[in-house]
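*Asks:* The following block contains a protein sequence and its predicted model.
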Amino acid sequence: GLAVFALGTSEFMLSGLLPEIADDMNVSIPSAGLLISAFAIGMVVGAPLLAAATLRLPRRTTLIALITVFGLGQVAGALAPSYEILFASRVVSALACAGFWAVGAGVAIAMVDKGARARA
């Protein structure tokens, strides 16, 4: 649950901080807004690719690895000295987030009876 909260929060948190990020990174607000688009594109591209790539790996190990990469990407973004590094950290975090959701959904479904799978 904590991982899902962190993943969801990081996806949308920048929308309220765009003026501050633009000012801090010396870019325009629309350029700062591309950080949100970068995350979204990383999610769209990453989910199917990472779901397929991790299909035969142990689920627990995969989830731990993905949330670790996600966390490291977030730390890199927080400490980023430039817009380019911040942008790259958003893409890396998005790929890890997408993979976590793809694997996590499968784990959630596998943990419950057939009658409760839609809710899981």
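*Replies:* Alright, I've got the coordinates.

*Asks:* what residue ranges in this protein are flagged as low confidence?
*Replies:* The chain contains residues with pLDDT under 70 at 120.

*Asks:* now for the helix ranked longest in the chain, which elements pack on it?
*Replies:* When the chain is parsed with DSSP state H, its longest helix is helix 83-110. Judged by 3 or more CB pairs under 8 Å, 6 or more residues apart in numbering; DSSP states H and E, helix 83-110 is in contact with helix 2-12, helix 18-25, helix 29-53, helix 59-78. No exception for glycine: its C-beta is placed from N, CA and C like everyone else's.

*Asks:* Tabulate those helices (TSV), appending mean neighbour count and distance to residue 92.
*Replies:* Output for the helices and strands packed on helix 83-110, formatted as TSV (neighbours: other CB atoms under 10 Å; distance: least, CB to CB, whole Å):
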stretch	mean neighbour count	distance to residue 92
helix 2-12	14	12
helix 18-25	14	17
helix 29-53	16	8
helix 59-78	16	4
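
*Asks:* before we move on, the earlier item: just the buried residues of the longest helix of the chain, please?
*Replies:* Of all the residues in helix 83-110, those buried under the rule 16 or more other CB atoms under 10 Å are 83, 86-104.

*Asks:* returning to that earlier point: need the helices and strands packed on helix 83-110 in a markdown table with distance to residue 119, can you?
*Replies:* Compiled in a markdown table, those are given as follows (distance: least, CB to CB, whole Å):
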| stretch | distance to residue 119 |
| --- | --- |
| helix 2-12 | 15 |
| helix 18-25 | 35 |
| helix 29-53 | 21 |
| helix 59-78 | 20 |
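
*Asks:* for those helices, which one sits closest to residue 116?
*Replies:* Using CB to CB as the measure, helix 2-12 is the one of the helices and strands packed on helix 83-110 that comes nearest residue 116, at 17.7 Å.
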